[in-house]
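>>> Model the following, please.
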Amino acid sequence: MNFKKVITFFFVAVIGGCAITSVESDLVRANAAYNNKNIDKAIEIYSTLSDNGNVTAMDRLGAIYLSPATKNYILAEHYLYKAASKGSSNSMINLSMGYKQMFDKNNPKKAVYWAKKA
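You can find the predicted model right below:
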């Protein structure tokens, strides 16, 4: 984890008058874990945030499970669908591509539906 960046971010936010919430702090930690290739830790943090309704975490989990290192299309579809249903246009696009190329190739209507919705 790049502590210098995290500390700098914290001080800039405090000096700028922003209040850093626990959720924002957890997102920073999860992103740092992911960037440092500690995928298991990132998944752990994102999962907790997702369970509490955080759309960004749902979107990130969907993307992680689409990646070759952790490929799990069932979980990718699950998290992308949750985020897309809550309005994440990024997840809608990824879900559309997933339905076209990976999840349910025999059902192009789902791909078109999410592409139009995005």
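>>> what about stretch 98-118, average pLDDT?
Stretch 98-118 shows a mean pLDDT of 83.
>>> oh, I was asking about stretch 40-52
95.
>>> Which positions within that stretch qualify as buried?
Within stretch 40-52, the residues scored as buried using 16 or more other CB atoms under 10 Å are 41-43, 45-46, 49-50. For every residue, glycine as well, the C-beta is placed using N, CA and C.
>>> Which single one of the residues you listed is nearest to residue 35?
Distance to residue 35, by CB to CB, is smallest for residue 42 among the buried residues of stretch 40-52, at 8.5 Å.
>>> Tell me how far that closest one lies from residue 33.
4 Å (CB to CB, to the nearest Å).
>>> Residue 67 too?
Using CB to CB, we find residue 67 at a distance of 14 Å from residue 33.
>>> Equivalent analysis for residue 108, please.
36 Å.
>>> Looking only at neighbour counts, state which of those two leads.
Neighbours were counted for residue 108 and for residue 33 using other CB atoms under 10 Å; residue 33 has more, 19 against 11.
>>> who touches the more buried one in this structure?
1, 39, 41-42, 45 (CB atoms under 8 Å, 6 or more residues apart in numbering).
>>> Ok, residue 62 next?
75-80, 83, 91, 94-95.
>>> Can you name the two of the contacts of residue 33 that sit furthest apart?
For the contacts of residue 33, the maximum inter-member distance is 13.9 Å, found between 1 and 39 (CB to CB).
>>> all helices of the chain, in order?
Per DSSP state H, the chain carries helices over the ranges 3-15, 22-35, 39-51, 55-66, 73-85, 89-101, 108-117.
>>> buried sites along the shortest one?
The one in question is helix 108-117. Going by neighbour count (16+ other CB under 10 Å), the buried part of helix 108-117 is 110-111, 114.
>>> ditto for the longest one
By neighbour count, with 16+ other CB under 10 Å as the criterion, the buried positions of helix 22-35 are 26-34.
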